[in-house]
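> What follows is a predicted structure for the sequence shown.
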Amino acid sequence: GENVEQHPSTLSVQEGDSAVIKCTYSDSASNYFPWYKQELGKGPQLIIDIRSNVGEKKDQRIAVTLNKTAKHFSLHITETQPEDSAVYFCAASGSSNTGKLIFGQGTTLQVKP
Amino acid sequence: EAEVAQSPRYKITEKSQAVAFWCDPISGHATLYWYRQILGQGPELLVQFQDESVVDDSQLPKDRFSAERLKGVDSTLKIQPAELGDSAMYLCASSLAPVNTGELFFGEGSRLTVL
């Protein structure tokens, strides 16, 4: 079935360092790949997304790369700040084309001051 | 800024009791989703509505869960009877169109604890 694997499950970095979170997906028909940030007690919030016709997208300190051949996509956060500490989820669109998202298991990012 | 509203934020119930969660999506959003998020895991889709019609409920445990969106606006998710394994965060989300063409906006969720 449709599956999204996310690694690592936890990540601790020093303030100012970069953080990278990686995901793989199983369904070759997936064409939309969003990343969500979830702070404690809140719902997930979209931070960046990429579609299958693009290989890379950047928004200030965050960037996402997509390798459709390998079915990999990654989130890169540069110059991390303590407020980046949260749980990050990757997701991929399901093959049903209804808009269903399949989420990864999440990565808890801790940025130490 | 428009938000997805959910209530209650927290619910504690005993097993075999009935519970209900309510969601009011962002005005004008035709697509509404209910996701379940078990602690330490990613959200999992339970049911998706397009206006008042169910588009996908393949992962909804229909023997105990039901969902409706009668007028194509707000929605209710019901569990009866609740079981210990239902303890989770229930997230509602909405989008202007199916997510392949637009952003998914989540509410703050309803946290259910079944004792």
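Everything's here; your move.

> Let me see the confidence value for residue 101.
No chain was given, so I picked chain A. Per-residue pLDDT puts residue A:101 at 88.

> um, chain B though
pLDDT for residue B:101: 59.

> Contact partners for residue 24?
Assuming you mean chain A. Counting by Cβ atoms under 8 Å, 6 or more residues apart in numbering or on different chains, residue A:24 makes contact with A:4, A:5, A:70, A:71, A:72. Any C-beta I mention is one placed from the backbone N, CA and C, and that applies to glycine too.

> that's the wrong chain, I meant chain B
So residue B:24 contacts B:4, B:5, B:6, B:73, B:74 (Cβ under 8 Å, 6+ apart).

> same thing with residue A:61?
A:77, A:78, A:79, A:80.

> which non-adjacent residue is nearest the third one?
Counting by Cβ to Cβ, 6 or more residues apart in numbering or on different chains, residue A:79 lies nearest to residue A:61, which is 5.5 Å off, once chain neighbours are set aside.

> next one: residue A:55
Counting by Cβ to Cβ, 6+ apart, the nearest residue to residue A:55 once its immediate chain neighbours are dropped is residue A:66, at 5.8 Å.

> secondary structure class for that neighbour?
With DSSP: H, G, I helix; E, B strand; the rest coil as the basis, residue A:66 sits in strand.

> And for the one 4 residues further on?
Three states are possible here, and by three-state DSSP the one that applies to residue A:70 is coil.

> Roughly how far does the residue nearest to it when sequence neighbours are not counted sit from residue A:33?
The shortest distance from residue A:70 to any non-neighbouring residue, by Cβ to Cβ, 6+ apart, is to residue A:24 (7.8 Å). Distance of residue A:24 to residue A:33, computed by Cβ to Cβ, to the nearest Å: 11 Å.

> Ok, residue B:40 next?
Distance from residue B:40 to residue A:33, by Cβ to Cβ: 22 Å.

> Find the helix or strand that the residue sitting nearest the centre point of chain B is a member of.
Per Cα atoms, centre = their mean, the C-alpha nearest to the average position across chain B is that of residue B:34, at 2.8 Å. If you go by DSSP states H and E, residue B:34 is part of strand B:31-37.

> Run a quick neighbour tally on residue 108.
I'll assume chain A. 15 (other Cβ atoms under 10 Å in any protein chain shown).

> nope, chain B
The number of residues near residue B:108, taken as other Cβ under 10 Å, comes to 17.

> Quick check: pLDDT value at it.
95.

> Mind listing the residues bridging to residue A:110?
residue A:12 (DSSP bridges).

> didn't it look like it was pressed against residue A:15?
No. If you go by Cβ atoms under 8 Å, residue A:110 and residue A:15 don't touch, sitting 10.5 Å apart.

> Tell me how far residue A:80 lies from chain B.
Plainly put, residue A:80 is 22 Å away from chain B if you go by Cβ to the nearest Cβ, to the nearest Å.

> which non-adjacent residue is nearest that residue?
residue A:111 (4.6 Å).

> which of the contacts of residue B:24 are buried?
Applying 16 or more other Cβ atoms under 10 Å in any protein chain shown to those, the neighbour count classes B:4, B:6, B:73 as buried.
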